[in-house]
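Chemist: What would the 3D arrangement of this be:
(chains A and B)
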Amino acid sequence: MNPSTSMATLSASISALADPPPKLMDGPAMDYFVIEMVNTLRESSSVAISRTKKIEQEMVEAGLLPPPGSATATATTKRESARDSMSSTPRLDGGKGELSEEDEALRQRLESIGMHVGANVAERLCHDRALFSDTLDAIKFICKDLWVACWDKQVDNLRTNHRGVYVLQDNTFKPISRLSSWEGRADALRRAKLYVAMPGGIIRGALARLGFQAAVVPELSSLPQCTFQVKLPKGS
Amino acid sequence: MTIYSLYIYDRHCTCVYYQDWHRTKLPKPAAEGGILPAVSHQVYPQPQQDTISTSDPISTYSSPRNTLSSSSGVVVAVNEEQRTTTPQPPQAQSGLSFDEEAKLVYGVVLSLRNMIKKLSGKDEQFVNYKTSTYKLHLYETLSGYKFVMLSDPNADSLRFVLRQIYSGPFLEYVVRNPLVKMDSKERGIDNEYFRTSTDRMIRGLSVFQ
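Modeler: Numbers count the residues shown, from 1 in each chain, chains lettered A, B, ... in the order given. Modelled structure (predicted):
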């Protein structure tokens, strides 16, 4: 046994372990999983809502709760959302008020899934990076590395007001690039709002794992284009 | 050498998509409940029958509910299309309503396919047939989707075109589209991106026009 060849193969396998080649996921497979995930979560959130409504109804009948029309409705949905650990979204004027109750529950679930996913993706992507010098650096990391890892391109436009609000604009955002409806553009736009909830959660989760508590609001104006408004607290 | 129309059937034997480019007689809109929603705006039955726009052969997306069309049926402007269409002379409508027509086409395809399989064994495939006025091409996928195209009789086999439609616009904008429920028995697969991309693909072919 020639010692030099065994050393060569040993170092080859060690270097493969130390610096693994990137493992990629098939694009269409990811799309199919996301489609099924949204449909499944829609079903499960409607089941959960009907269950809480039934319990509410029973409590009202038993006289334990005042009749509906008071603050009890919001109390039960808050209890529901407390199970998703990081899903209490601070409400910016993102125009989310038009989502129905079931869609809102679905959106919260998608966002919290996105947060867990984003945190772990950020963990992997940062393993050999230096610390971020400031928040702009962290946002640039999101715009470049995270976007490339998740959606195969970089953000097209980044704007800031230098007071902690950043606007990330992507002109052909991958999750909604194939979304099209028979009923026309307006219907497709309305339904696309749910499909950008998970990407918003990914961004939020990545920033949270890196130590920045941000509020991320996705905005859709014309279809393949999507902007994310990231609001970071002052003095970070 | 030109292409007349395209039908797509799913494995439940229903028509889920229809598009045409040149026809001598326009398809008559289907009876209520005859065809599924989301097959084609052109042939979907409308509650008010007098605002149906003529099927302008060169418009890509003619919606009968387009508020820009006047009640005489002339489409003045469609979405971002820059050209304005000239008023078409009223074309004759075919006697059959669209749902009957679609079922007839499917019946022909199915019977010929079965006959050929019985005559020659299961390795033979029905590819196309030709009459004096048209040629019908079939491409069938393993999942049971049948792509049927009608072209003029002098065309070569357009199976490759149907295959391109399947592997291009169909996979992109139908299978990977979150809003299209495939294999549903209540809806077709029509949507804006799919329609414009097949239209663009067909018009870009050398055999078209």
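
Chemist: Got the phi and psi for A:Ile203?
Modeler: Phi and psi for A:Ile203, reported as degrees, to the nearest 10, are phi -60, psi -40.

Chemist: Can you check which helix is longest in chain A?
Modeler: Looking across chain A with DSSP state H, the single longest helix is helix A:27-61.

Chemist: from what I can see A:Pro199 touches A:Val217, true?
Modeler: No: between A:Pro199 and A:Val217 there is no contact under Cβ atoms under 8 Å: 11.9 Å. For glycine as for every other residue, the C-beta is placed from the backbone atoms N, C-alpha and C.

Chemist: got any residues that touch both of these two?
Modeler: Residues touching both A:Pro199 and A:Val217 by Cβ atoms under 8 Å, 6 or more residues apart in numbering or on different chains: A:Phe228.

Chemist: For those two, indicate the residue with more neighbours.
Modeler: Neighbours were counted for A:Pro199 and for A:Val217 using other Cβ atoms under 10 Å in any protein chain shown; A:Pro199 has more, 27 against 20.

Chemist: Just the pLDDT for that one.
Modeler: Per-residue confidence (pLDDT) for A:Pro199: 93.

Chemist: Ok, B:Glu32 next?
Modeler: So B:Glu32 comes in at 66 (pLDDT).

Chemist: what's the answer for B:Leu158, then?
Modeler: 90.

Chemist: what's near enough to touch it?
Modeler: Here B:Leu158 is in contact with B:Ile3, B:Asn128, B:His137, B:Met149, B:Ser151, B:Val207 (criterion: Cβ under 8 Å, 6+ apart).

Chemist: distance of it from B:Tyr173?
Modeler: Per Cβ to Cβ, to the nearest Å, B:Leu158 is found 21 Å from B:Tyr173.

Chemist: Beta-bridge partners for B:Leu26, please?
Modeler: With DSSP bridges as the criterion, B:Leu26 is bridged to B:Gln93.

Chemist: Help me confirm that it comes into contact with B:Ser94.
Modeler: Yes: between B:Leu26 and B:Ser94 a contact is recorded at 6.7 Å, counting by Cβ under 8 Å.

Chemist: Same drill for these two, tell me which one is more crowded.
Modeler: B:Leu26 (21 against 15).

Chemist: That one and chain A: what is the separation?
Modeler: 21 Å (Cβ to the nearest Cβ, to the nearest Å).

Chemist: And for A:Phe141, nearest residue in space, chain neighbours not counted?
Modeler: Leaving out its chain neighbours, the residue that sits closest to A:Phe141 by Cβ to Cβ, 6 or more residues apart in numbering or on different chains is A:Phe132, at 6.9 Å.

Chemist: same thing with B:Leu150?
Modeler: B:Tyr4 (4.3 Å).

Chemist: any idea of the pLDDT on that neighbour?
Modeler: 92.

Chemist: In a helix, A:Val216, correct?
Modeler: No: looking at A:Val216 with DSSP: H, G, I helix; E, B strand; the rest coil, it is strand, so not inside a helix.

Chemist: List the contacts of it.
Modeler: Counting by Cβ under 8 Å, 6+ apart, A:Val216 makes contact with A:Gly200, A:Gly201, A:Ile203, A:Arg204, A:Leu207, A:Phe228, A:Gln229, A:Val230, A:Lys231.

Chemist: Apply 7 Å and report the result again.
Modeler: A:Gly200, A:Ile203, A:Arg204, A:Phe228, A:Val230 (Cβ atoms under 7 Å, 6 or more residues apart in numbering or on different chains).

Chemist: and those, which of them are in strands?
Modeler: Among the contacts of A:Val216, the ones falling in strands (DSSP state E) are A:Phe228, A:Val230.
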